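> Would you be able to build a 3D model of this:
(one chain, ligands or ions: 1)
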Amino acid sequence: MRYLFISDLHLQPERSDITRAFLHCMDTRARLADELYILGDFFEVWLGDDEQNSLATEVINALARLSAAGTRIYVMHGNRDFLLGKRFCRAAGCTLLPDPHVVQLNGEQVLLMHGDSLCTDDLAYMKMRRLLRNPLSLFILNNLSLAQRRKIGRKLRNESREQTRQKPSDITDVNLGQVAETMRKHRVRTLIHGHTHRPVVHQMIMEGEPAQRIVLGDWDTSGWYLEVDENGYRLESFPLS
Ligand code: LP5
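So this is what the prediction gives:
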């Protein structure tokens with residue numbers, strides 16, 4: 001079986017180059033995959049499935065075509081698009097995965113996450129995450145008008161942009177103790193996540209055995225994907241033009 005993983009595309013009307021690269025990827029590389037996994041922050045900001053614009057329509061149609069062509073599609077929430085819901089998934093022909101989620105890839109149990117919940121040294125973010133992601137907040141957010149959500153979303157983005165600039169880079173990366181604990185808890189030797197925008201394959205030793213943490217890249221000056229098949233794991237990038 002062949003699997004394709006992407007995350008952190010941050011699709012937005014202002015970056016038509018990223019949208020073009022994504023659509024091309026869906027019509028080419030993704031067609032060769034049995035399963036496509038989108039591990040969060042697919043959109044720059046997703047304010048709810050009632051948000052209708054030409055970008056959303058184009059993306060939904062591309063996913064629906066891919067799904068109809070036989071590739072199973074799985075989507076996980078990121079910190080920018082956790083309001084992505086059932087209506088989007090139904091239209092796009094994809095399945096929403098919980099975070100974390102364990103899948104079996106060619107016989108190996110592999111843990112999939114967006115990655116933000118591993119950044120436990122970022123106390124201000126952790127506090128905000130707990131506040132926004134509890135069921136009561138989600139209920140309230142989902143029942144606000146689109147205009148109110150837009151206003152709050154803009155405020156959060158601006159505040160986050162300002163604060164992230166001032167945070168030391170080790171604070172905004174994953175906590176390695178949290179990584180080890182999470183991998184142990186789920187009994188896996190491979191973890192795939194995005195969020196930190198630091199794409200690399202970390203080889204590690206866990207309990208005397210080889211293990212790996214594969215960090216997907218964000219799509220900005222380059223596009224990134226991870227391909228998995230019988231020959232192993234390949235993290236690849238290509239220039240965005
Ligand atoms: O996204 P990224 O990688 O740049 O930064 C993240 C953390 N920031 C966020 C916030 C998002 O960027 C913006 C959220 C988009 C809105 C989603 C839609 C739902 C909106 C609700 C609609 C009703 O996730 C950033 C991390 C960084 O990753 C690295 O891990 O550091 O976290 C922060 O910057 C959080 C700040 O430290 C704390 C912010 C306090 C916000 C106070 C806002 C007050 C206004 C609220 C009005 C109700």
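
> Now do R157 against A21, distance only.
Relative to A21, R157 is positioned 23 Å away (C-beta to C-beta, to the nearest Å). For the C-beta atoms, the positions are set from N, CA and C on the backbone; glycine is no exception.

> Oops, could you answer that again for P168 instead?
31 Å.

> ok, these two, which is more surrounded?
A21 (19 against 8; other C-beta atoms under 10 Å).

> neighbours around the closest residue to that one other than its chain neighbours, how many?
Spatial nearest neighbour of A21, excluding adjacent residues (C-beta to C-beta, 6 or more residues apart in numbering): G223 at 4.9 Å. Using other C-beta under 10 Å, G223 has 21 other residues around it.

> Show me what the helix or strand where L66 lies is packed against.
Using DSSP states H and E, L66 falls within helix 54-68. Helices and strands touching helix 54-68, by 3 or more C-beta pairs under 8 Å, 6 or more residues apart in numbering; DSSP states H and E, are helix 16-27, strand 72-76, helix 86-92.

> tell me what the top helix by length along the chain is packed against?
Assignment by DSSP state H gives helix 146-166 as the longest helix of the chain. Helices and strands touching helix 146-166, as assessed by 3+ C-beta pairs under 8 Å, 6+ apart, are absent.

> so does the helix or strand following it get close to the ligand?
Heading C-terminal from helix 146-166, the first helix or strand you meet, by DSSP H and E, is helix 176-185. No. Contact of helix 176-185 with the ligand is not found when judged by C-beta under 6 Å from any ligand atom; the minimum separation is 12.6 Å.

> Out of the helices and strands packed on helix 54-68, which is closest to the ligand?
helix 86-92 (13.5 Å; C-beta to the nearest ligand atom).

> I'd like the average pLDDT over the closest one.
For helix 86-92, mean pLDDT is 98.

> do the same with stretch 184-197
Mean per-residue pLDDT for stretch 184-197: 98.

> export that stretch as PDB, just CAs?
The C-alpha trace of stretch 184-197 is given here as PDB (Å, rounded to 0.1, in the frame of the first residue of the first chain):
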ATOM      1  CA  ARG A 184       5.200   4.900  24.800                       C
ATOM      2  CA  LYS A 185       1.500   5.400  25.700                       C
ATOM      3  CA  HIS A 186       0.400   4.400  22.200                       C
ATOM      4  CA  ARG A 187       3.100   1.700  21.900                       C
ATOM      5  CA  VAL A 188       4.500   3.000  18.600                       C
ATOM      6  CA  ARG A 189       8.000   3.400  17.200                       C
ATOM      7  CA  THR A 190       7.000   5.900  14.600                       C
ATOM      8  CA  LEU A 191       5.300   9.300  15.100                       C
ATOM      9  CA  ILE A 192       4.200  11.600  12.200                       C
ATOM     10  CA  HIS A 193       3.200  15.100  12.900                       C
ATOM     11  CA  GLY A 194       3.300  18.700  11.600                       C
ATOM     12  CA  HIS A 195       2.700  22.100  13.200                       C
ATOM     13  CA  THR A 196       6.300  23.200  14.100                       C
ATOM     14  CA  HIS A 197       7.300  23.900  10.500                       C
END
